[in-house]
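>>> Here's my sequence, what's the structure:
(4 chains)
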2 protein chains.
Amino acid sequence: MLKKMLDQFQNYLSSKGLRMTGQRELIARTFFENQRHMSTEELHHRVQKISSQVGYATVYRTLKLLSDAGLAAGRSFGDGFTRYEPDNQIEHHDHLICTRCGAIIEFENDRIESLQKSVAGQYRFEVTHHVMELYGICSKCRS
Amino acid sequence: MLKKMLDQFQNYLSSKGLRMTGQRELIARTFFENQRHMSTEELHHRVQKISSQVGYATVYRTLKLLSDAGLAAGRSFGDGFTRYEPDNQIEHHDHLICTRCGAIIEFENDRIESLQKSVAGQYRFEVTHHVMELYGICSKCRS
DNA sequence: TTTTCTATTGACAATGATTTTCATTTTCAG
DNA sequence: CTGAAAATGAAAATCATTGTCAATAGAAAA
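Residues are numbered from 1 along each chain as shown, chains lettered A, B, ... in the order given. Prediction:
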């Protein structure tokens, strides 16, 4: 899975005449290996533990490349900064976000997806992607 | 409708020991009178046309008050800044956003809403509010 | 009306995430 | 190897948003 993602990144870079460098591979690898919904800061921190001279700008730049390649997706959940998650463009999921402890739970529901498509159809609107986030209190915080 | 909104704002301010000033009324009125999904910049611009010495900070502060009062809701649609829309807390709606021309279309669908609740229930999650945005190409841009 | 207390305002500085700049280093095709 | 083009890191620049603060205005009391 990880290798596949890195290969796809490699392919994307080649197709654009860009280079796979040590930093880019390290950042991409760290991103794909670790838990989802990482902020740029977290990713930078993890990468620095391995190779301490990687700069913030390079993390931002690489994340942007991954986005452009369709391998990462950025979202802003309302706190100040953008979080990224691997985007394997096959299965899509949405989020439950606890406003008390910040936990993020993923879910998917095909019936909602198909209803969304039907609504869009009523407006002759062609959906390319969507965001659905349910905010509230998670079970842990409730008990 | 407009009077009702302004009255609610007035009530909220009173309940908090705050004052309804000329600037606040002007900003709130302009906000409620005009089209939805206004950015702070747009609102500031419109307000300045009427009373040219109203500052940015006051627009931000008033928008925050309106949010706290439950009369406005802020969202970030991916471009750099926050847009606000009147929030009459009775009927909820979601958005279709055209990534080509920027058009924002509102819709509501009760079946999706109830499915959302049932999904949340599976995770023993108590939803307070949600965001659903479908991005794509609108009918105008498609033809 | 006048006083007095407190909220409000606007100009401007500060913040903080993200981007850009730029001089230096690295990559890779020839 | 070599040299052109891409990539990097450090620091400066952006830009939306928030905080500061001295000056002003509103409301209640006198």
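
>>> name the helices or strands packed onto the helix or strand encompassing A:Phe31?
The secondary structure element spanning A:Phe31 is helix A:22-33 (assigned by DSSP states H and E). Under the contact criterion of 3 or more CB pairs under 8 Å, 6 or more residues apart in numbering or on different chains; DSSP states H and E, the helices and strands touching helix A:22-33 comprise helix A:2-15, helix A:40-50, helix A:56-68, strand A:82-86. Just so you know, the C-beta spots here come from the backbone N, C-alpha and C atoms, and that holds for glycine as well.

>>> Neighbouring strands - and their directions - for the helix or strand just after the shortest one?
If you walk from strand A:82-86 toward the C-terminus, the next helix or strand you reach (DSSP H and E) is strand A:94-98. Strand A:94-98 has these partner strands in its sheet, going by DSSP bridges: strand A:104-107 (antiparallel), strand A:126-137 (parallel).

>>> Enumerate every residue touching the residue lying closest to A:Ala103 once chain neighbours are set aside.
On the basis of CB to CB, 6 or more residues apart in numbering or on different chains, the spatially nearest residue to A:Ala103 that is not a chain neighbour turns out to be A:Cys138, at 5.2 Å. If you count contacts by CB atoms under 8 Å, 6 or more residues apart in numbering or on different chains, A:Cys138 has them with A:96, A:98, A:100-101, A:103, A:105, B:123-125.

>>> And the residues you listed, which is closest to A:Leu71?
Taking CB to CB as the measure, A:Ile105 is the one of these closest to A:Leu71, at 22.6 Å.

>>> Quick check, pLDDT for A:Ile90.
The predicted structure scores A:Ile90 at 59 on the pLDDT scale.

>>> and what of A:Ser39?
Model confidence at A:Ser39, given as pLDDT, is 92.

>>> isn't it right up against A:Glu85?
No. Under the criterion of CB atoms under 8 Å, A:Ser39 makes no contact with A:Glu85, lying 10.8 Å away.

>>> Compare these two and say which is more crowded by neighbours.
With other CB atoms under 10 Å in any protein chain shown as the criterion, A:Ser39 and A:Glu85 differ in neighbour count, and A:Glu85 comes out ahead with 18 against 15.

>>> mind listing what the residue sitting nearest the centre point of chain A touches?
Residue closest to the mean C-alpha point of chain A, counted by CA atoms, centre = their mean, is A:Glu85 at 1.9 Å. Listed by CB under 8 Å, 6+ apart, the contact partners of A:Glu85 are A:36-38, A:72-73, A:75.

>>> try 7 Å
With contacts taken as CB atoms under 7 Å, 6 or more residues apart in numbering or on different chains, A:Glu85 has the following neighbours: A:36-37, A:72-73.

>>> By neighbours, which of these wins?
Neighbour counts for those were taken using other CB under 10 Å; the highest belongs to A:Ala72, with 22 neighbours.

>>> Return the residues in contact with that one.
A:31, A:63, A:66, A:84-87.

>>> A:Arg100 against A:Arg142, yeah?
No. A:Arg100 sits out of contact with A:Arg142 when judged by CB atoms under 7 Å, with a separation of 8.9 Å.

>>> will you turn the strands paired with strand A:94-98 into CSV that also has mean pLDDT and mean neighbour count?
Putting the strands paired with strand A:94-98 into CSV (pLDDT from 0 to 100; neighbours: other CB atoms under 10 Å in any protein chain shown) gives the following:
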stretch, mean pLDDT, mean neighbour count
strand A:104-107, 91, 15
strand A:126-137, 90, 18
